[in-house]
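Asker: kindly return the folded structure for what I paste below:
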Amino acid sequence: MSGWPRLAAGAALLAFSGYALAMGWLYLRQEQLLFQPDVLPADHRFALGDDVHELSLDVPGARLSALHLKLPRPKGVVFFLHGNAGSLQNWFVNIDFYRRANYDLFMLDYRGYGKSTGRIDSEAQLRADVRMAWEQVAPQYTGLPRVIYGRSLGTGLAAGLAAEVGPELTVLVSPYSSMQALMREHFPLVPSALLRYPLDTGLAAAQIGRPLLLVHGTQDPLIAPAHSVALRAQAPAARLVYIEGAAHNDVHQFDSYLRLFSETLAAL
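Answerer: Numbers count the residues shown, from 1 in each chain. Okay, the predicted model is just below:
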């Protein structure tokens, strides 16, 4: 082999080697793409009012940071699983909304987020952490409405937890049908077999036997509304509501969303 054929073969081998190396890195280090935490110093203090309590939850190999809005006589609780970026510092918002609705709010930071220690190593570990947190919080509200709420990344975790524990209501805001489906849209050249976090929201949603509310912004560029359509196809009893004009990160700022969520909580 000589000349152009040899050069072409060398270029093809180089390209394949580069692709293989990139895929290997993605398989081993995909946590760096999926999880984008803001880390807070251990002495960070949240200034959110006397009715918001900071606590720590011990899980195998780590300690999770959490915030808990506790009202004098709450109607129920919203167990909130947040998205893939940031920390409690920017996720524990709209507190006055929950005060007006008379619902307690519980939210945790995943491993490596905020003041939480440890690091996320697997989907099974992440789900186990969420389940342990639920088991510590839920008994405090026996006999009251318990709402599992997931936002973006947290929707897959919320749906899985809801399928296991059967809360009075599950709310998925800006959900994906599965991480695999989302990956095919954003990284079509990546083989799905490399994904170690399938987070199949649709499979779990189909097993939720109690009320399920899907909420999606019509202008979401990251997770298209088609994902909520796919979820409703898998869970036909679910209610799907679009927030007109909302994108991915601002759904909670729209009056139509706040009105919808307030009315939904009041009806429980």
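Asker: wait, residue 48 sits on residue 67?
Answerer: Yes. With contact defined as Cβ atoms under 8 Å, residue 48 and residue 67 form a contacting pair (7.1 Å). (Each C-beta comes from the backbone N, C-alpha and C, glycine too.)
Asker: higher neighbour count, these two?
Answerer: Legend: neighbour count by other Cβ atoms under 10 Å for residue 48 and residue 67, higher for residue 67 (22 against 16).
Asker: quickly note the distance from the more buried one to residue 229.
Answerer: Distance, residue 67 to residue 229, by Cβ to Cβ, to the nearest Å: 33 Å.
Asker: quickly list what's touching both of residue 48 and residue 67.
Answerer: residue 92 (Cβ atoms under 8 Å, 6 or more residues apart in numbering).
Asker: shaky segments in the stretch 101-250 of the chain?
Answerer: 189 (pLDDT under 70).
Asker: what packs against the helix or strand hosting residue 256?
Answerer: In this structure, residue 256 sits in helix 255-266 according to DSSP states H and E. The contact analysis (3 or more Cβ pairs under 8 Å, 6 or more residues apart in numbering; DSSP states H and E) places helix 255-266 against helix 95-101, strand 169-173, strand 212-217, strand 239-243.
Asker: do you know which of those lies nearest residue 37?
Answerer: strand 169-173 (19.8 Å; Cβ to Cβ).
Asker: for that closest one, list the C-alpha coordinates in CSV.
Answerer: The C-alpha trace of strand 169-173 is given here as CSV (Å, rounded to 0.1, in the frame of the first residue of the first chain):
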residue,chain,number,x,y,z
LEU,A,169,-49.4,12.8,43.8
THR,A,170,-46.3,12.8,41.5
VAL,A,171,-45.3,15.9,39.6
LEU,A,172,-42.7,15.8,36.8
VAL,A,173,-41.6,19.1,35.5
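Asker: this completes my enquiry, with thanks.
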